[in-house]
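Peer 1: Dropping the sequence and predicted coords here.
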Amino acid sequence: MTESKRKEKEIAGQPQKAHVKSHRVLHAFLTVLIVAVGIGVAVFFIKNKKQPQRTEQDVLAPLVKIEQVHVRDIPMFIQGYGTVNPTVEVDIIPEVAGKVVFIHPELKVGGLIRSNEKILQIDPRDYELAVRQAEAAVADTTVLLETEQAEAQVARREWSGLHPDTEPVSALVLREPQIRKAQAALDSAKAQLATAQLRLERTCISLPFDILITAESVGLGQYIVTGQALASAYGTEAVEIQVPLEADELAWFDIFGSSKFTNSDRSSAEKIRATVTADFAGARQSWDGFVVRTTGQVDRNSRMLSVIVEVSDPFNISKGKSPLLPGIFAGVLIRGKTLYDAVAVPRDAIREGNRIWLVNDNHLRIQPLEIVRADKDFAYVVSGIPDKSNVVISSLDLATDGMYVRTEFDVTADDEQEKQNSGQSGDPEEN
């Protein structure tokens with residue numbers, strides 16, 4: 001390249017370099033300007049921001065849950081549990097032997113047979129013949145006795161004719177031994193007749209009360225012998241429940257006021273009512289019963305005494321209830337004595353065994369108690385708690401006598417006040 005051409009090229013590139021330099025200066029200036037404006041705006045907001053208002057929060061007293069209790073007459077109920085058992089259980093056993101010629105249609109497991117209905121019949125023909133033979137023997141000995149008595153009369157007339165106004169020296173003269181022998185033979189024949197008639201009656205087996213069959217092992221035409229167990233059953237007139245109780249619970253009902261212990265008439269003694277409840281047939285059901293006796297001994301292991309609760313007519317389903325069947329595990333509620341002028345305190349309110357917390361004018365008061373009786377839900381007190389007292393049933397980390405507390409009623413009142421205040425502030429101003 002010649003010197004002249006190189007100079008021409010340098011002269012042509014100078015304007016382009018000047019333009020690039022001026023563009024860079026402008027960009028730097030704009031950057032500095034934006035940063036300066038941002039700093040200025042930030043300084044303006046910092047200088048003009050409002051300080052937050054300081055408000056002092058009130059220290060709230062502990063919130064407790066209370067329940068109001070009342071002084072009243074409270075009947076005591078003793079709770080227990082036990083299994084339902086039949087009052088009467090029997091085995092059906094024949095007293096005579098023979099072939100079975102009749103079986104009741106309900107003589108099967110679960111069958112119900114009414115009182116005095118024929119359960120089973122043994123072939124009676126042999127026993128009918130025995131009765132006829134015994135009747136014949138009675139007739140024969142009756143004739144023998146009458147004959148001896150007639151001969152005795154003849155002998156007395158003959159003696160009187162030969163020995164007037166005198167008595168025979170020997171009893172044989174008037175045939176007295178022969179009469180006694182004939183009388184004894186007649187008595188024996190009558191006894192054999194009664195035995196034959198009784199054996200004939202025993203060919204028909206029945207019971208004087210309603211029964212429900214629980215087991216059977218006899219068939220029509222089967223030959224059975226005396227003493228052979230044919231079936232098992234239990235009476236349906238009543239069931240009973242053996243309920244073990246602590247000795248202290250017995251103080252609340254007079255179980256020993258029966259004729260067994262006082263020699264009084266049991267029928268005139270006041271009955272102790274009980275309610276039997278059980279979950280059966282998909283529902284909670286109840287039956288009325290009575291405490292009838294105790295087992296008469298204290299269990300050597302548990303040191304508990306069991307009472308017997310009896311429920312009559314447990315198979316009565318006229319009121320839509322299910323029958324109270326043996327084997328059901330049931331709860332028993334025994335109505336005991338009444339505690340007068342007493343207070344039922346919830347168990348959640350009992351502190352340290354025998355103390356409660358009362359709230360009076362929003363102040364906590366610690367009150368000792370003398371508890372008469374306690375169950376799983378309540379402790380019963382006869383003094384120390386005024387009527388309509390507010391008892392704390394919630395817990396506190398720290399409780400001191402006289403401390404200030406709040407209740408749910410105070411919270412409700414505060415909420416109502418806030419609603420009223422917010423409603424008044426939101427009302428539009430009247431022109």
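Peer 2: Okay, I see it.
Peer 1: Could you list the low-confidence segments of the protein?
Peer 2: Of all residues in the chain, those with pLDDT under 70 make up the ranges 1-23, 25-26, 29, 41, 43-45, 47-59, 169-170, 173-174, 257-269, 410-431.
Peer 1: now the helices: where do they sit in it?
Peer 2: With DSSP state H, the ranges of helices along the chain come out as 3-48, 125-162, 176-201, 259-262, 408-425.
Peer 1: tell me what the third one is packed against?
Peer 2: Contact partners of helix 176-201 among helices and strands, from 3 or more C-beta pairs under 8 Å, 6 or more residues apart in numbering; DSSP states H and E: helix 125-162. Backbone N, C-alpha and C define where each C-beta goes, glycine included.
Peer 1: between the helix it packs on and helix 176-201, how many degrees?
Peer 2: With axes from the mean of the first three to the mean of the last three C-alpha atoms, to 10 degrees defining the directions, helix 125-162 sits at 160 degrees from helix 176-201.
Peer 1: What is helix 125-162 packed up against?
Peer 2: Judged by 3+ C-beta pairs under 8 Å, 6+ apart, the packing partners of helix 125-162 are helix 176-201.
Peer 1: hmm, try it at 10 Å
Peer 2: Where contact means 3 or more C-beta pairs under 10 Å, 6 or more residues apart in numbering; DSSP states H and E, helix 125-162 is packed against strand 98-103, helix 176-201.
Peer 1: Quick one: the ones you listed as a markdown table, columns for mean neighbour count and distance to residue 80 too.
Peer 2: Conversion of those to a markdown table gives the following (neighbours: other C-beta atoms under 10 Å; distance: least, C-beta to C-beta, whole Å):
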| stretch | mean neighbour count | distance to residue 80 |
| --- | --- | --- |
| strand 98-103 | 17 | 42 |
| helix 176-201 | 16 | 45 |
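Peer 1: Make a markdown table out of these and add distance to residue 323.
Peer 2: A markdown table is the format used below for the helices and strands packed on helix 125-162 (distance: least, C-beta to C-beta, whole Å):
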| stretch | distance to residue 323 |
| --- | --- |
| strand 98-103 | 25 |
| helix 176-201 | 33 |
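Peer 1: Out of those, flag the one nearest residue 306.
Peer 2: Smallest distance to residue 306 across the helices and strands packed on helix 125-162 (C-beta to C-beta): 39.1 Å, for strand 98-103.
Peer 1: Could you export that closest one as PDB, keeping only the C-alpha atoms?
Peer 2: Provided in PDB are the C-alpha atoms of strand 98-103 (Å, rounded to 0.1, in the frame of the first residue of the first chain):
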ATOM      1  CA  GLY A  98     -89.300 -98.500  79.200                       C
ATOM      2  CA  LYS A  99     -89.600 -97.700  75.500                       C
ATOM      3  CA  VAL A 100     -90.200 -94.100  74.500                       C
ATOM      4  CA  VAL A 101     -93.600 -93.800  72.600                       C
ATOM      5  CA  PHE A 102     -94.000 -90.000  72.600                       C
ATOM      6  CA  ILE A 103     -91.600 -87.000  72.400                       C
END
